[in-house]
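> got a structure for you, letters missing:
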Ligand SMILES: Cc1cc2nc3c(=O)[nH]c(=O)nc-3n(C[C@H](O)[C@H](O)[C@H](O)COP(=O)(O)OP(=O)(O)OC[C@H]3O[C@@H](n4cnc5c(N)ncnc54)[C@H](O)[C@@H]3O)c2cc1C
């Protein structure tokens, strides 16, 4: 199938983007890397009159350490995150996850902001930024605001972004020496969307977990934080007993839905497998 007819514009300022968004309302879509949007147009899931290509806005690009925060511009591509020394040092969880996003051609075009705005519940970046306690920077006609990733992903493809706002950046607290991170996902083939994936960010005190964030994707309509499992781990080393307690809590709180190919039970089982696998890495 081919996309419906649309007009295309490539503004050279954010002010112009906002003006066009105000003029066209729901008839306009922002185009970043196009790796999700163009597919949805070709499938006629969306039929906008205007595509607003933000690719010319240099101020939305780049990776910088600002104090103890890593700021990544919305237009930064997955491949740039994958190879950035700043990301490797200050947000190593993102460096681990990036190679799992689709294939090289997709990572060469797709952007961080596009993935965050799209909010696919099986995508890596939404769950990753929740695990990292990042903030999403939004700019609307009324000015800039920041929303914690915890509060940003509201439902399937639905976020706290208002209709007149664009995602301009993601701000991530830089990694500290006492933080440990782990990531893994289970997919039918490398490059496929994950059946289930998991991010773990743990503040350690010696061998003990002071507090941890356990975030699952492909397991619900948004990234899912397993808060009961997090509580079960607090103050404990990641030994067999603590892992079993986290898995028991997870079984009570996760409730993944089935997808076209996998039952809810399979997903729950895989989430438990990942939980053990990642927690064991903390002790390694
Ligand atoms: C074959 C294939 C496999 C893929 N596999 C994976 C995978 O394994 N994991 C994964 O995470 N992703 C995967 N993707 C999706 C890919 O990561 C996309 O790049 C990403 O989801 C969207 O980023 P984009 O820059 O391409 O956004 P676009 O497609 O341009 O836009 C996506 C949506 O976000 C909106 N948008 C974009 N940027 C902004 C902004 N700055 N502010 C406000 N709204 C904005 C658009 O209007 C649109 O609604 C895959 C895609 C394909 C085609």
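Sure thing, it's come through. Remember, it's a predicted structure, so these values are computed and weren't measured experimentally.

> What count of nearby residues applies to residue 223?
28 (other C-beta atoms under 10 Å). C-betas here are computed from N, CA, C, even on glycine.

> Excluding sequence neighbours, find me the nearest residue to it.
In space, and not counting its chain neighbours, residue 223 is closest to residue 127: 3.8 Å by C-beta to C-beta, 6 or more residues apart in numbering.

> What's the local residue count around residue 227?
12.

> For the residue nearest to it when sequence neighbours are not counted, report the pLDDT, please.
Among residues not flanking residue 227 along the chain, residue 253 sits closest, at 7.2 Å (C-beta to C-beta, 6+ apart). Note on residue 253: pLDDT of 96.

> Repeat that for residue 284.
64.

> Who are the packing partners of the helix or strand residue 243 falls within?
In this assignment (DSSP states H and E), residue 243 forms part of helix 240-253. Packed against helix 240-253 by the contact rule (3 or more C-beta pairs under 8 Å, 6 or more residues apart in numbering; DSSP states H and E) you find strand 208-217, helix 227-233, helix 264-283.

> ok, residue 158 - contacts?
Residue 158 sits next to residue 119 when contact means C-beta atoms under 8 Å, 6 or more residues apart in numbering.

> Got phi/psi on it?
In terms of degrees, to the nearest 10, the main-chain angles of residue 158 are phi -130, psi 130.

> got the buried residues for stretch 195-211?
Neighbour-count burial for stretch 195-211, with 16 or more other C-beta atoms under 10 Å as criterion, is recorded at 195, 196, 197, 198, 199, 200, 201, 202, 204, 208, 209.

> same deal with stretch 7-25?
Neighbour-count burial for stretch 7-25, counted by 16+ other C-beta under 10 Å, picks out 11, 17, 18, 21, 24.

> quick one: the last one from residue 158, how far?
I take that to be residue 24. Going from residue 24 to residue 158 by C-beta to C-beta, to the nearest Å gives 20 Å.

> Please list the outside residues in contact with the helix holding residue 243.
Contacts for helix 240-253 (C-beta under 8 Å, 6+ apart): 209, 214, 226-229, 231-233, 236, 268, 271-272, 275-276, 279-280.

> does residue 180 have beta-bridge partners, and which?
Residue 180 forms beta bridges with residue 202, as assigned by DSSP bridges.

> so who does it touch?
200, 201, 202, 204, 281, 282.

> Over to residue 267?
195, 196, 218, 219, 256, 257, 258, 259.

> surely the fourth one meets residue 256?
Read that as residue 219. Yes - using C-beta atoms under 8 Å, residue 219 is in contact with residue 256, at 4.0 Å.

> got any residues that touch both of those two?
Both residue 219 and residue 256 are contacted by 196, 267, 271, under the criterion C-beta under 8 Å, 6+ apart.

> Return the member of those nearest to the ligand.
residue 196 (12.8 Å; C-beta to the nearest ligand atom).

> Surely the closest one touches residue 254?
No - at 9.4 Å, residue 196 does not count as touching residue 254 under the criterion of C-beta under 8 Å.
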